[in-house]
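In: Here's a sequence, model it:
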Amino acid sequence: GKDPSVQMLRIVFESMENAYRAFLKELQLSPFDARLRQWRERALVIFERVWAYAARKGSAMSEENAADLYIFALSRVMVSEGIEISEGLFPQNPDVLKLFQEAFK
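Out: Presented below is the predicted three-dimensional model:
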């Protein structure tokens, strides 16, 4: 628990979970919605791909960027499943958007 990299990951995951809860609240979607499991699994695949790309590129992933990336990935998955999400709920973090675009070239 004293390893700085472990502490950083805990902070990153906490930030992602907080962003996730806020996102669901904004969408007025129950955290118990059965569809969420599949959406989260698909979003995690996208998140991991972009995270790995950022690591190969040498870009440090802050907790804010990680949270934005996860919500962006989850949003994309949900939209692909027909869920309407207003543009204002998509993260507008330019660093994350750039990494996302580069990772999926």
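In: helix, strand or coil for the spatially most distant residue from the centre of the chain?
Out: Using CA atoms, centre = their mean, the residue of the chain lying farthest from its centre is Lys2. It sits 25.8 Å away. Judged by DSSP: H, G, I helix; E, B strand; the rest coil, the three-state class of Lys2 is coil.
In: And it, how far from Ala66?
Out: 21 Å (CB to CB, to the nearest Å). C-beta coordinates here come from the backbone N, C-alpha and C atoms, glycine included.
In: now do Tyr20
Out: 11 Å.
In: how near is the most centrally placed residue in the chain to Ala43?
Out: What sits nearest the mean C-alpha location of the chain, by CA atoms, centre = their mean, is Tyr70, with 0.3 Å. In this view, Tyr70 and Ala43 are 7 Å apart by CB to CB.
In: can you check Glu63 too?
Out: Counting by CB to CB, the gap from Glu63 to Ala43 is 17 Å.
In: what mean pLDDT would you report for whichever strand or helix holds Val45?
Out: In the assignment (DSSP states H and E), Val45 maps to helix 35-57. Regarding helix 35-57, the rounded mean pLDDT is 94.
In: for whatever helix or strand comes next after it, packing partners?
Out: Remark: after helix 35-57, the chain's next helix or strand is helix 63-80, criterion DSSP H and E. Counting contacts by 3 or more CB pairs under 8 Å, 6 or more residues apart in numbering; DSSP states H and E, helix 63-80 is packed against helix 4-27, helix 35-57, helix 94-103.
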